[in-house]
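Asker: Could you work out the structure for the sequence below:
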Amino acid sequence: LELSLSGSDIGLWDWNIPSGEVHFNDWLPGMLGYSATEFPGNISEWESRIHPDDRADVTRQLTAHLRGETPFYRCAHRLRTKDGRWKWILDAGAVVERDANGTPRRAVGTHVDINESKAAEALFRLVFEKSGEPQLLLDETGVVDCNEATVRALRVTNKGAIIGVPMRAYFPLRQPDGSRSLEAARHHAQQARGSEAYRFEWMIRRADGTELPLEVSLARAVFDGREVYLMTWHDLTHQRESERILREAKDAADRASHTKSDFLARMSHELRSPLNSVIGFSRILQKSLSPESAPNESTYLERIHANGVHLLGLINNVLDIARIESGKVEVDRRVGDVAELLRETVQQLEGQAHGRALVVRADVPAHPVLLETDHGKLRQVLINLVGNAIKFTPEGEVVVRLRLADDGTPLAIDVQDTGVGIP
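Answerer: From the prediction side, this is the model:
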């Protein structure tokens, strides 16, 4: 055994129980900062180096083994090093010789330096206890440990109501998705076994009967020398409430938008019919003016006509947006004279150029040019384009031109102006 351990970082001890003498390999004293010649070879000297807080546990476990109550001795405890510090040691061994009366005569065992793992465990314990989020350690039997945040989350009085209790004690019958909690838990447990970390959403039932929505994280860990699962809970209550408020606000906004869009879509006829009458009659009155009419009469009629056209354009834009939002936009395709449509659009808008050195004209064939399209929407596009051209062209001309292909079919509509253009 000594030969097999000579290349490892394990100390070997051989204890003559009646005499109290202890023999050891070179690694064991070095573990505590001593040379082989400095380290005492007596059991009483060893015992004096055990941390006072650990002596009772060491004595209890060693005595039980010497009496034959346990198959071997195993105890993690602290030993004082040569420089006065404390080092965690995993001390393990067994009686290998007894006399005819069963009295132990010889025992052998090992010392393993577990100082670093104990330091990591202490850090883990500190983070575990001080975490603001509930954390639990679980094994196959149930909850091994938990922090105070878990006590508060479950609304119990102390850890005793949680430790040693199967987690199913805090399950509602069903989860929010309708699945039975026990079946869903078995599924999540199976998934967690196949990964280092696993996350899922879960609902627990607290001691007072209320339910708490959680995001659960499961991670495998080693604690006190055994494999456990570290479970962390993230409370989703505020997130769920925020989602509910946003959902209700969105539903309310959708209803308001639908109501507005539906109202505007239904009002299209009622809004546009009077305006079309105003625009039409103002055009008739302009044409019926006599040379003897007062100059301001023509100006007033032109303003009525131009403002009516402008307001109709705004209403058309609003109604088109309303139709899009309400899902009621339809394309009315029909065959019509596109040349006549361009002439009418120019006549409708030329009043906007009155008083400026600006000519607005249509360059279209005198004969009908048939085109299958939605003439109402095409008219609206032309009103927007020509209106912008007139607005940003102080003088010169705005020409709406219909280009034809060689076979006479309409090819394109150009709106050309002498304005500054787009910078």
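Asker: Could you use CA atoms for every contact and neighbour count after this?
Answerer: Will do.
Asker: Name the residue closest to the centre of the protein, please.
Answerer: For the chain, the residue nearest the mean C-alpha position is Gln239 (10.5 Å; C-alpha atoms, centre = their mean).
Asker: Using PDB, write down the CA coordinates of the helix or strand harbouring Ala94.
Answerer: Secondary structure assigned from DSSP states H and E places Ala94 in strand 86-98. As requested, the backbone C-alpha atoms of strand 86-98 are provided in PDB (Å, rounded to 0.1, in the frame of the first residue of the first chain):
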ATOM      1  CA  TRP A  86      -5.600  25.200  10.400                       C
ATOM      2  CA  LYS A  87      -5.900  22.700   7.500                       C
ATOM      3  CA  TRP A  88      -8.800  20.500   6.600                       C
ATOM      4  CA  ILE A  89      -7.900  16.800   6.400                       C
ATOM      5  CA  LEU A  90     -10.100  13.900   5.300                       C
ATOM      6  CA  ASP A  91      -9.000  11.200   7.800                       C
ATOM      7  CA  ALA A  92     -10.000   7.600   6.900                       C
ATOM      8  CA  GLY A  93      -8.900   4.200   8.000                       C
ATOM      9  CA  ALA A  94      -9.900   0.800   9.400                       C
ATOM     10  CA  VAL A  95      -8.800  -1.700  12.100                       C
ATOM     11  CA  VAL A  96      -6.800  -4.500  10.400                       C
ATOM     12  CA  GLU A  97      -5.900  -6.500  13.500                       C
ATOM     13  CA  ARG A  98      -7.800  -7.500  16.700                       C
END
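Asker: Can you list the strands that the next helix or strand after it pairs with?
Answerer: Using DSSP H and E, the next helix or strand after strand 86-98 towards the C-terminus is strand 104-113. Strands adjacent to strand 104-113 in the sheet, as given by DSSP bridges, are strand 10-16 (antiparallel), strand 86-98 (antiparallel).
Asker: Would you mind finding the most buried of those?
Answerer: The highest mean neighbour count among the strands paired with strand 104-113, using mean count of other C-alpha atoms under 10 Å, belongs to strand 10-16: a mean of 20.
Asker: export that one as CSV, just CAs?
Answerer: The C-alpha atoms that make up strand 10-16 are tabulated as CSV, following Å, rounded to 0.1, in the frame of the first residue of the first chain:
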residue,chain,number,x,y,z
ILE,A,10,-1.9,11.1,0.2
GLY,A,11,-0.5,10.6,3.7
LEU,A,12,-0.4,7.0,5.0
TRP,A,13,-0.5,6.2,8.8
ASP,A,14,-0.1,2.9,10.6
TRP,A,15,-1.2,3.0,14.3
ASN,A,16,-0.1,0.5,16.9
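Asker: quick one: contacts of it?
Answerer: With contact meaning C-alpha atoms under 8 Å, 6 or more residues apart in numbering, strand 10-16 is reached by 2, 5, 21-29, 31, 43, 105-113.
Asker: Any idea how far that strand is from the middle of the chain?
Answerer: Centroid separation for strand 10-16 versus its chain: 56 Å, with C-alpha atoms, centre = their mean, to the nearest Å.
Asker: what's the helix or strand following that strand packed up against?
Answerer: Using DSSP H and E, the helix or strand that follows strand 10-16 in sequence is strand 22-24. Here strand 22-24 is seen to pack against strand 10-16 when contacts are counted using 3 or more C-alpha pairs under 8 Å, 6 or more residues apart in numbering; DSSP states H and E.
Asker: returning to what we had before: out of the contacts of strand 10-16, which end up buried?
Answerer: Listed as buried from the contacts of strand 10-16 are 22, 24-29, 31, 43, 105-113; burial here means 16 or more other C-alpha atoms under 10 Å.
Asker: Could I get the full set of helices for the stretch 251-400 of the chain?
Answerer: Taking DSSP state H, counting those that start in this stretch as the criterion, the stretch 251-400 of the chain contains helices spanning 268-287, 295-326, 338-349, 375-391.
Asker: Would you reformat the ones you listed as JSON lines and include mean neighbour count?
Answerer: Below are the helices of the stretch 251-400 of the chain laid out as JSON lines (neighbours: other C-alpha atoms under 10 Å):
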{"stretch": "helix 268-287", "mean neighbour count": "15"}
{"stretch": "helix 295-326", "mean neighbour count": "17"}
{"stretch": "helix 338-349", "mean neighbour count": "18"}
{"stretch": "helix 375-391", "mean neighbour count": "17"}
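Asker: and of the ones you listed, who's closest to Ala153?
Answerer: Nearest to Ala153 among these is helix 295-326; the distance by C-alpha to C-alpha comes to 45.8 Å.
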